[in-house]
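Novice: Here's a sequence, model it:
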Amino acid sequence: MTAPSPSPSPSPERARLASALREFKDRTGLSLAGLAAKTTFSKSSWDRYLNGRTLPPREAVRELCRLAGEPEGRCLALWEIAESEGSGRVEPAPPPEPAPAPAEQRTPLEQNSAHRRATLAAVLAAVSAVILGAVAAVALLLPGRDGGPGAAPAPSTTGPRCQGVVCEGKSPMHMKCAASPQTLAAYRTATGAWLELRYSHECGTSWARMWGTRIGDRLEMSAARHRGAADGRVRSVRIEDGVDADSYVYTPMTAAGPGSVVRACFDPAAGGGEECFDSRVAR
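Specialist: The predicted model follows:
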C-alpha cells in the first residue's frame, strides 16, 4: 500500500494571502470556532483558508476584513492576485506579428495604406500631448482643500481614529487603538480566566480584556488620577455566549494619560467574590 502523496505547497501568491488572513484573524482575537460562529464559513473551512491549503471565496475574505476592521482594498487585492494565478486567468503573451515586407516589395496600395497609418499615429500622438498638457496645467491651478494652490493631501486614515476623551466608551479595535498597545499588567483569576490592562500612547486611552472565561463573567475597568480616587469612568463588558467565552473580549476605552492608575475588577459568574488589580501608566 503506497503512502498518500503530500499535498502540494501553496503558491507564493496564495501563501501571501493566507499570511495576511492569519494576521487579520489574530487581530480579531477569535479562535477558529469563534470565527466560524461570526461568519458564514465553517471551522474546518477557515482552517484550510488560513493555512493556504484552499483558496477562500471572495466573501470569506470580505467577512474577515470586516471583523478585523481592515479596509477591504488590501486583502481583496491579494485575493485577486492569488485567484488569478490559481485559475490560470493570466493572459498568455500574444504570438509575435510577422515582420512587414520591405518597402520596395510592397504594392502601391500597401505603401499608401502604411503612409496613412503613420500619419494618423502622428496626429493622435500630437493631440494626446496637447490634452495631457492642458490637464496638468489645470491640476496645478486648481485650489487645494484650504483654498490655496499646492494644498497638502488629505491625512492618512490608517492610524487611530480617535484620541483622549473622544475615545470614551468606544471599541479599541474599531478605533484602531489596539494596533500596538502596552500591557500594563496581567492577572490570572481563581477560575482560570486571564485578564490584562492595556494602554495606547497614540490614543491616550486604556481598556481591559479577558479570555479563558465563562458565560456570565463580568469585567470592569476605570482610570483615575491616583489610587483610591473615584474620578474615573467605569467601563464594563460581560461574557454573553459561547463565542465570547472562546474569544478575547474587550471593555470599551476610557481616557488615560501618564500617571493615571488603571484598575480592573473581575466578577465571576460562578461566584467566589470579586477580584481586582491595578497598574499605573508610566510618566
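
Novice: okay, CA-based contacts and neighbour counts for the rest of this
Specialist: Fine.

Novice: Counting by contacts, list what the host helix or strand of residue 262 packs against.
Specialist: Here residue 262 sits within strand 261-267, counting by DSSP states H and E. For strand 261-267, the contact count by 3 or more CA pairs under 8 Å, 6 or more residues apart in numbering; DSSP states H and E identifies strand 194-200, strand 218-224, strand 275-280 as packing neighbours.

Novice: So for residue 67, which of these sits nearest?
Specialist: For the helices and strands packed on strand 261-267, distance to residue 67 was read as CA to CA. The smallest value, 20.5 Å, belongs to strand 194-200.

Novice: then that closest one to PDB, C-alphas only?
Specialist: What follows is strand 194-200, C-alpha atoms only, in PDB (Å, rounded to 0.1, in the frame of the first residue of the first chain):
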ATOM      1  CA  TRP A 194      -6.800  35.700  32.200                       C
ATOM      2  CA  LEU A 195      -7.100  39.500  32.400                       C
ATOM      3  CA  GLU A 196      -4.900  42.300  31.100                       C
ATOM      4  CA  LEU A 197      -4.900  46.100  31.400                       C
ATOM      5  CA  ARG A 198      -3.900  47.800  28.200                       C
ATOM      6  CA  TYR A 199      -2.800  51.300  27.300                       C
ATOM      7  CA  SER A 200      -2.400  53.100  24.000                       C
END
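
Novice: Taking their axis directions, that strand and strand 261-267 sit at what angle?
Specialist: Put simply, strand 194-200 runs at 150 degrees to strand 261-267, going by axes from the mean of the first three to the mean of the last three CA atoms, to 10 degrees.

Novice: Show me what strand 194-200 packs onto, helices and strands only.
Specialist: Using 3+ CA pairs under 8 Å, 6+ apart, the elements in contact with strand 194-200 are strand 182-188, strand 205-211, strand 261-267.

Novice: can you redo those as TSV with distance to residue 18, mean pLDDT and mean neighbour count?
Specialist: Listed next are the helices and strands packed on strand 194-200 as TSV, based on distance: least, CA to CA, whole Å; pLDDT from 0 to 100; neighbours: other CA atoms under 10 Å:
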stretch	distance to residue 18	mean pLDDT	mean neighbour count
strand 182-188	27	92	16
strand 205-211	25	93	27
strand 261-267	36	95	23
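
Novice: Out of those, which is closest to residue 276?
Specialist: With respect to residue 276, and counting by CA to CA, the nearest of the helices and strands packed on strand 194-200 is strand 261-267 at 4.1 Å.

Novice: For that closest one, which strands pair with it and how are they oriented?
Specialist: Paired with strand 261-267 in the same sheet, following DSSP bridges, are strand 218-224 (antiparallel), strand 275-280 (antiparallel).

Novice: Pretty sure residue 203 sits against residue 165.
Specialist: No. Distance between residue 203 and residue 165: 9.4 Å, which falls outside the contact criterion (CA atoms under 8 Å).

Novice: Please enumerate the helices of the stretch 101-250 of the chain.
Specialist: Using DSSP state H, counting those that start in this stretch, the helices found in the stretch 101-250 of the chain span residues 108-141, 242-245.

Novice: rank those helices by pLDDT, which is bottom?
Specialist: Note on the helices of the stretch 101-250 of the chain: helix 108-141 shows the lowest mean pLDDT, a mean of 54.

Novice: re the thing from before, what's the most buried one of the strands paired with strand 261-267?
Specialist: Mean neighbour counts were compared across the strands paired with strand 261-267 using mean count of other CA atoms under 10 Å; the top stretch is strand 218-224, at a mean of 25.

Novice: what angle separates it from strand 205-211?
Specialist: Orientation check (the same axes, to 10 degrees): strand 218-224 against strand 205-211 gives 160 degrees.

Novice: Mind checking which of residue 203 and residue 165 has more residues around it?
Specialist: residue 203 (26 against 14; other CA atoms under 10 Å).

Novice: What residues does residue 196 make contact with?
Specialist: Shown in contact with residue 196 (CA atoms under 8 Å, 6 or more residues apart in numbering): 183, 184, 185, 186, 187, 208, 209, 210.

Novice: how far away is the last one from residue 83?
Specialist: Spelled out, it's residue 210. 37 Å (CA to CA, to the nearest Å).
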